[in-house]
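Enquirer: quick one: sequence and predicted model below, then my questions.
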Amino acid sequence: MSHLSERPEKPVVGVSLPHESAYQHVTGTALYTDDLVQRTKDVLHAYPVQVMRARGRITALRTAPALAVPGVVRVLTGADVPGVNDAGMKHDEPLFPDEVMFHGHAVAWVLGETLEAARLGAAAVEVDLEELPSLITLQDAIAADSYHGARPVMTHGDVDAGFAESAHVFTGEFQFSGQEHFYLETHAALAQVDENGQLFIQSSTQHPSETQEIVAHVLGVPSHEVTVQCLRMGGGFGGKEMQPHGFAAVAALGAKLTGRPVRFRLNRTQDLTMSGKRHGFHAGWKIGFDAEGRIQALEATLTADGGWSLDLSEPVLARALCHIDNTYWIPNARVAGRIARTNTVSNTAFRGFGGPQGMLVIEDILGRCAPRLGLDPMELRERNFYRPGQGQTTPYGQLVTQPERIATVWQQVRDDGGIADRKREIAAFNAAHPHTKRALAVTGVKFGISFNLTAFNQGGALVLIYKDGSVLINHGGTEMGQGLHTKMLQVAATTLGIPLHKVRLAPTRTDKVPNTSATAASSGADLNGGAIKDACEQLRERLLQVAASRLGANASDVRIVDGVARALGGDAELAWDDLVHTAYFQRVQLSAAGYYRTEGLHWDAKSFQGTPFKYFAIGAAATEVEVDGFTGAYRIRRVDIVHDVGDSLSPMIDIGQVEGGFVQGAGWLTLEDLRWDTGDGPNRGRLLTQAASTYKLPSFSEMPEEFNVHLLENATEEGAVYGSKAVGEPPLMLAFSVREALRQAAAAFGPAGVSVELASPATPEAVYWAIESARQGATAGDGRERGEAAPDHGGVRGGAEALSGA
């Protein structure tokens with residue numbers, strides 16, 4: 001066992017504990033960024049001047065009418081920016097734009113004594129616009145050849161030979177929707193300036209260091225003049241990784257110019273219409289199988305809808321390409337990626353970060369091809385798993401470690417869920433019910449853990465021990481409800497060998513731990529836990545020397561367990577508080593900065609080859625659904641999940657993440673249907689689903705009637721802190737089983753062996769049309785075998801021809 005993964009005697013990690021802020025959450029006493037406004041004097045309120053057109057060049061901006069509104073203090077425009085007028089890391093997101101790029105684009109900001117005064121002031125600003133042609137849909141952009149950013153190509157093996165040797169070759173297309181984050185807390189920031197002109201910003205951000213960097217370059221000051229703190233977030237899901245920076249910069253600019261605190265908070269409609277979402281994708285594909293149904297070759301082009309600016313679209317696309325294999329060995333592959341530029345909000349990170357989109361493509365392919373191959377979908381998936389002992393690598397060249405876990409979790413789900421017996425029961429039910437059908441599907445997950453960009457895989461921490469024995473920890477990760485802080489408290493207590501109540505955690509701040517990475521890529525516990533462990537180990541080694549002198553033993557023979565130091569084989573004891581007190585009077589340093597970097601990573605973005613991930617998180621889910629043939633309405637009857645989190649740092653937290661991730665994934669795949677006005681009228685480009693009344697979120701009614709979640713046992717991960725594995729993102733992809741069960745249920749209304757195309761999200765309407773297709777025995781668009789005609793899809797040619805060189 002590695003030093004990083006080894007657990008000491010009586011560890012606090014591995015104990016099921018409630019979330020560290022659970023009491024505050026349920027009693028309403030937890031403070032979020034906007035709650036701090038009531039504790040701050042003389043706050044100004046910021047409100048956006050939005051232009052309700054999809055695209056146009058600003059020819060005039062008149063702010064005088066706003067300044068005449070009572071309570072309006074100032075209108076912020078591009079002329080006020082002392083530094084760089086840009087809020088993105090790619091320098092393609094002007095904070096105060098000259099050209100409107102999407103419906104609702106903010107072009108100026110009004111500061112008022114009250115929010116209402118600022119709102120009225122924003123309404124009074126006059127904007128003249130020269131309207132320009134706009135591209136709203138992904139099909140529009142593809143037809144117009146409108147792309148931006150990198151266009152990577154991932155190749156592996158000999159694709160042409162693979163297809164030549166294939167007994168079956170199918171081609172097809174698939175387009176699927178994005179997803180709104182819909183975090184409970186909308187974007188918020190509170191900026192204050194001190195007597196030296198330095199900025200302190202409270203921000204609801206997953207990446208305080210990058211918020212600091214963007215604010216600094218907008219203001220034209222060095223980073224040490226800007227401090228960013230994230231108290232906690234009311235949800236993030238990736239939506240607060242990149243996009244809070246510009247909003248914080250607006251508040252900071254206002255504070256700098258007025259000398260007063262400035263509060264920024266989007267209302268729900270503004271948040272929905274101004275912030276980015278999960279990228280929708282289009283995929284054109286060609287796949288070859290041998291006579292046994294084993295994949296021989298895959299060729300595909302993935303097109304991501306990036307929106308108006310790049311944001312994080314390039315790494316999202318890269319991760320999508322890296323996950324198109326999911327749990328399946330693809331010996332020969334050529335996969336191209338491109339980012340469409342549309343006149344919609346700039347799409348951004350969302351839980352899974354492109355991984356779900358890539359994996360959805362291969363799962364959709366297998367779901368559509370299984371009937372054409374005469375195979376049960378479960379059998380087709382099993383035949384194509386990565387196998388142990390084969391030295392198999394991913395299409396981007398990384399050796400798949402622990403491939404045996406893919407089959408292990410799969411088999412445990414089959415056994416725990418009684419899959420064989422239930423499939424027989426479902427067959428009998430379907431035979432007796434012509435208007436209602438049930439189906440059961442099993443899908444797996446293999447998700448790479450680490451940032452694709454190697455440099456981001458580092459973390460820092462600061463640990464302080466006070467003279468009374470109490471401990472305060474700071475680290476670079478942010479808390480958005482996922483339980484990271486809970487785990488970090490457990491890591492610190494375990495490493496120091498003290499009870500959990502001795503440790504407190506301070507909010508994330510850039511003046512305590514600098515140059516941090518985003519709390520993203522499911523890496524928060526790995527990076528920050530490693531850094532905390534490093535800092536605590538430094539302190540423990542110093543204290544062991546002190547204890548050894550008091551106990552008359554060698555430091556190597558002293559152990560600190562449950563807050564008591566003892567020498568091996570001895571009876572003498574030294575309480576933690578006394579040990580710390582003694583260390584202080586011996587002038588032993590009681591603070592330490594910890595650091596961790598993930599080893600063994602390499603990534604070449606140009607060749608699209610390397611080892612970008614430290615390890616893979618593995619899981620499997622079985623979902624049973626029941627579908628009404630008259631309406632397409634359905635219910636999830638039962639879900640069984642087995643997920644690999646290594647040796648869990650905090651089992652209750654991890655099970656909650658698995659459950660929440662699954663439900664959020666099911667929402668993306670079955671309910672959440674983003675719609676824009678694509679007409680040529682004045683509302684072209686307007687988001688139509690801009691409230692919970694029109695954008696359907698998962699609720700109690702969508703929860704499985706029976707929901708069983710088990711964590712894989714005896715699953716130590718040698719390369720991560722205390723043997724754990726990441727849990728934030730991978731469970732979302734377990735929801736593929738819901739969509740595949742719906743596909744199979746729809747197919748059950750038709751003749752045996754019918755292949756069904758199912759839209760995503762698979763809303764009841766989409767399921768109804770799939771049922772109608774199955775009843776007709778239709779196969780149009782459902783994966784054409786070699787030689788079949790390919791339809792034209794709005795500028796994207798069907799069939800293999802469309803896939804050869806994009």
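Expert: Structure received. Numbers count the residues shown, from 1 in each chain.

Enquirer: put the alpha carbons of stretch 36-53 into CSV.
Expert: Presented in CSV, the C-alpha positions along stretch 36-53 are these (Å, rounded to 0.1, in the frame of the first residue of the first chain):
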residue,chain,number,x,y,z
LEU,A,36,-23.6,39.3,3.5
VAL,A,37,-25.2,42.4,1.9
GLN,A,38,-27.4,42.8,5.0
ARG,A,39,-24.2,43.0,7.1
THR,A,40,-22.5,45.6,4.9
LYS,A,41,-23.1,49.4,5.1
ASP,A,42,-23.8,51.7,2.1
VAL,A,43,-24.1,48.9,-0.5
LEU,A,44,-24.8,49.8,-4.1
HIS,A,45,-26.7,47.4,-6.3
ALA,A,46,-25.7,46.4,-9.9
TYR,A,47,-28.3,45.7,-12.6
PRO,A,48,-27.6,44.8,-16.2
VAL,A,49,-28.6,46.7,-19.3
GLN,A,50,-29.6,43.8,-21.6
VAL,A,51,-30.2,44.0,-25.3
MET,A,52,-33.0,41.7,-26.4
ARG,A,53,-31.7,40.9,-29.8
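
Enquirer: quick one: buried residues of it?
Expert: With burial defined by 16 or more other C-beta atoms under 10 Å, the residues of stretch 36-53 counted as buried are 36-37, 43-51, 53. Where you see a C-beta, it was placed from the backbone N, CA and C, and this is true even at glycine.

Enquirer: swap in stretch 199-217?
Expert: Residues 199-217 are the ones in stretch 199-217 that count as buried (16+ other C-beta under 10 Å).

Enquirer: quick one: distance of that stretch to the chain centre.
Expert: Here stretch 199-217 is found 20 Å from its chain centre; the criterion is C-alpha atoms, centre = their mean, to the nearest Å.

Enquirer: ok, stretch 600-610 next?
Expert: Mean C-alpha position of stretch 600-610 versus that of the full chain (C-alpha atoms, centre = their mean) differs by 21 Å.

Enquirer: end-to-end on it?
Expert: Distances were taken as C-alpha to C-alpha, to the nearest Å; on that basis the terminal residues of stretch 600-610 are 10 Å apart.

Enquirer: again with stretch 698-717
Expert: Taking C-alpha to C-alpha, the first and last residues of stretch 698-717 lie 33 Å apart.

Enquirer: in strands only, show me the buried residues of stretch 199-217.
Expert: Per DSSP state E, strands hold the following members of the buried residues of stretch 199-217: 199-203.

Enquirer: ok, which stretches of the stretch 451-600 of the chain are strands?
Expert: 458-465, 471-475, 503-505, 508-509, 558-561, 564-567, 573-575, 591-597 (DSSP state E, counting those that start in this stretch).

Enquirer: tell me how many other residues surround the nearest residue to A30 once chain neighbours are set aside.
Expert: Counting by C-beta to C-beta, 6 or more residues apart in numbering, the nearest residue to A30 once its immediate chain neighbours are dropped is Q24, at 3.6 Å. Other residues near Q24 number 13, with proximity taken as other C-beta atoms under 10 Å.

Enquirer: phi, psi for Q24 please.
Expert: Dihedral pair for Q24: phi -70, psi -40, per degrees, to the nearest 10.

Enquirer: pLDDT of the longest helix seen in the chain, averaged?
Expert: When every helix of the chain is counted residue by residue (DSSP state H), the longest turns out to be helix 524-551. Along helix 524-551, the predicted local confidence has a mean pLDDT of 98.

Enquirer: same deal with stretch 344-361?
Expert: Averaged across stretch 344-361, the pLDDT comes to 98.

Enquirer: report the buried residues of that stretch.
Expert: Neighbour-count burial for stretch 344-361 [16+ other C-beta under 10 Å]: 344-361.

Enquirer: dump the C-alpha coordinates for that stretch into PDB.
Expert: Once non-C-alpha atoms are left out, stretch 344-361 reads as follows in PDB (Å, rounded to 0.1, in the frame of the first residue of the first chain):
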ATOM      1  CA  THR A 344     -26.600  31.900 -27.800                       C
ATOM      2  CA  VAL A 345     -25.100  32.000 -24.300                       C
ATOM      3  CA  SER A 346     -21.500  30.800 -24.000                       C
ATOM      4  CA  ASN A 347     -21.800  27.200 -23.000                       C
ATOM      5  CA  THR A 348     -19.600  26.100 -20.200                       C
ATOM      6  CA  ALA A 349     -18.600  23.400 -17.700                       C
ATOM      7  CA  PHE A 350     -21.300  21.100 -16.300                       C
ATOM      8  CA  ARG A 351     -20.900  18.100 -14.100                       C
ATOM      9  CA  GLY A 352     -18.900  15.600 -16.300                       C
ATOM     10  CA  PHE A 353     -17.400  18.300 -18.400                       C
ATOM     11  CA  GLY A 354     -17.900  16.700 -21.900                       C
ATOM     12  CA  GLY A 355     -17.500  13.200 -20.600                       C
ATOM     13  CA  PRO A 356     -21.200  12.500 -20.500                       C
ATOM     14  CA  GLN A 357     -21.600  13.700 -24.100                       C
ATOM     15  CA  GLY A 358     -18.900  11.500 -25.400                       C
ATOM     16  CA  MET A 359     -20.100   8.500 -23.500                       C
ATOM     17  CA  LEU A 360     -23.700   9.100 -24.500                       C
ATOM     18  CA  VAL A 361     -22.700   8.800 -28.200                       C
END
